[in-house]
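> Would you be able to build a 3D model of this:
(one chain, ligands or ions: 1)
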Amino acid sequence: MKKAPGNSKYVKKLNRMAVINLIKNHEPISRQQLAEITGLTPPAISGIIRELLEAGIVKEVGLDKSTGGRRPIKLSFNPDAGYVFGVEVTRFETFVGTCDLKNNPTDFRTIKIDMSEPKKGLKKLAAVVKEIMNEEQYKEKPFLGVGVAFPGLLYAFEGKVKRSINLGTSWDFFPVKQVLEKEIDMPVFIENNSKASALAERWFGGATECRDLVYVNLGEGISAGVIINDRILQGAQGHAGEIGHMSIQKDGPLCNCGNRGCLESVCGIPAIMRKVKNEISIIPDNDPLKKLWAEKGEISIEDIISSSRIKNSYSHNLLKQVAEYIGKAIANVINFYNPECVFIGGKMAPAAKYFIDIIKTAVNTHAFPEIARSTDIQISSLQEKAGVMGACALVLRDLFKPDSDILEDVQQALNYEEA
Ligand SMILES: [Zn+2]
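Presented below is the predicted three-dimensional model:
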């Protein structure tokens, strides 16, 4: 039995996405065929198509054969019709960007937002997103959705955070999708940052020919996005890929997760900064890092990375050791998953580039020889944009869905309406 078309805003949006998808998958297609496939009423379909035509997302491309009455008008998708918005959240900086519907990046910006308080942080983020969307350059075409790459364990389907070790306990169970959708008035998709980056690498980076890959995100935290047989590996609760909490040092530093000696507690940016601050007094005065410290009175991770290029300097020795641990961790990961390639990205990627030989040697030493030999390890070419491009890809992935998933969405929207 066909149900009445939805009139709540949410249902309308879900149905609108579903109709765009079906047109993309079956173009050219008529309104009548869309109504038959979705179970939505002809007036509901006509209403949605009117909006999509006005927005330029869909175009009329001629007439179909007559099946008795008037010849139906055929519709097709216009890939140049709009944009998607991507966000990558970190503790102090949020990266935002836009892509066209082929995921070509059209914008990338870094915004300082303190994300220790979810409500405050997301309110500011929503304001930034709306401001950018209203800029002159974006006036002509619509935005179709917002993707969010988020650091932490998620209930990605519900758009909720389970726990974010890097952002703090105030994010536990916080409904990011719900809050942002209310603020921005647009569909929001959320995924763990490393998983989103892996998706960007697969679709738009160095892995377009590669169905099995691992993206290792080296930043404040350390985690991996694993794609096996062209699907993001989620795990039973969606938490697969937490390699930052691989145990690498017996009785090592205390980790935010509560254990000791995790990879992240030794090789994450906060751990590196902490070690440098503790040891600064014993670094010789002629060391390049100590000189920077004397000059500026403070040190950033960029300073440590840049001075690590000088052989035998404090930073060089420190990051060399970090690279050995990272290599060992990658050896474990490739032993588990046997990917074709591993991409190293995140804020520490420039350092990984200087020490790539150390990383590769550690991989060769610790991984199964046949696997190590056949795995290509490289630095991500998407650099700092991987998270944002992955976030944009989340929206596009929803736009490029297979029919079975689309119809499930329509059904869900209709049930939602009835409940
Ligand atoms: Zn840990």
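> what residues does this structure put near the ion?
245, 255, 257, 259, 262 (CB under 5 Å from the ion). Where you see a C-beta, it was placed from the backbone N, CA and C, and this is true even at glycine.
> pLDDT below threshold where in the protein?
Flagging of the chain using pLDDT under 70 yields the residue ranges 1-14, 400-406, 413-414, 416-419.
> Quick one: classify the spatially most distant residue from the centre of the chain as helix, strand or coil.
For the chain, the residue at maximal distance from the C-alpha centroid (CA atoms, centre = their mean) is residue 68, at 48.8 Å. What DSSP: H, G, I helix; E, B strand; the rest coil gives for residue 68 is coil.
> now the helices for the stretch 201-350 of the chain?
Taking DSSP state H, counting those that start in this stretch to define them, one finds helices in the stretch 201-350 of the chain at 263-267, 269-279, 288-296, 301-307, 314-337, 349-354.
> ok so, going back, for the residues of the chain next to the ion, give me a markdown table that also has neighbour count.
Shown next, in a markdown table, are the residues of the chain next to the ion (neighbours: other CB atoms under 10 Å):
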| residue | neighbour count |
| --- | --- |
| 245 | 20 |
| 255 | 20 |
| 257 | 15 |
| 259 | 13 |
| 262 | 27 |
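> Nearest spatial neighbour of the closest residue to the ion within the stretch 101-250 of the chain, chain-adjacent residues omitted?
Nearest residue of the stretch 101-250 of the chain to the ion, counting by CB to the ion: residue 245, 3.7 Å away. Leaving out its chain neighbours, the residue that sits closest to residue 245 by CB to CB, 6 or more residues apart in numbering is residue 262, at 4.5 Å.
> How about residue 280?
Using CB to CB, 6+ apart and skipping residues adjacent in sequence, the residue nearest residue 280 is residue 293, 5.9 Å away.
> In contact with that neighbour, which residues?
280, 283, 299 (CB atoms under 8 Å, 6 or more residues apart in numbering).
> Which of these sits closest to residue 222?
The shortest approach to residue 222 among the contacts of residue 293 belongs to residue 299, at 20.8 Å (CB to CB).
> Distance check, the spatially closest residue to the closest one that is not a sequence neighbour against residue 127.
Closest residue to residue 299 apart from its sequence neighbours, by CB to CB, 6+ apart: residue 293 at 5.4 Å. Residue 293 sits 37 Å away from residue 127, going by CB to CB, to the nearest Å.
> ditto for residue 161
Residue 161 is 20 Å from residue 127, by CB to CB.
> Those two: who's more crowded?
The residue with more neighbours, out of residue 161 and residue 127, is residue 161; 24 against 13, by other CB atoms under 10 Å.
> secondary structure element for that one?
If you go by DSSP states H and E, residue 161 is part of strand 160-163.
> Run a quick neighbour tally on residue 204.
Around residue 204 there are 23 residues (other CB under 10 Å).
> just checking, it touches residue 382?
Yes: counting by CB atoms under 8 Å, residue 382 is a contact partner of residue 204 at 7.1 Å.
> so what's in contact with the two at the same time?
residue 389.
> Relative to the whole chain's centre, how far out is the strand holding residue 161?
Here the centre of strand 160-163 is set off from its chain's centre by 15 Å, with CA atoms, centre = their mean, to the nearest Å.
> Give me the residues contacting the helix or strand following that strand.
Where DSSP H and E defines the elements, the next helix or strand beyond strand 160-163 is helix 176-184. Applying CB under 8 Å, 6+ apart, the contact partners of helix 176-184 are 10, 118-119, 122-123, 125-126, 129-130, 146, 148, 150, 158-161, 187-190.
> Give me the ChimeraX select line for those residues, limited to the buried ones.
The following ChimeraX line selects those of the contacts of helix 176-184 that are buried, judged by 16 or more other CB atoms under 10 Å:
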select :118,122,125,126,129,146,148,150,159,160,161,187,188,189,190
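> Now for the nearest residue to residue 367 once chain neighbours are set aside, how many residues are close by?
The shortest distance from residue 367 to any residue other than its chain neighbours is 3.8 Å, reached at residue 331 (CB to CB, 6+ apart). Neighbour count of residue 331, defined by other CB under 10 Å: 21.
> ok, residue 331 - contacts?
362, 363, 365, 366, 367, 372 are the contacts of residue 331 under CB under 8 Å, 6+ apart.
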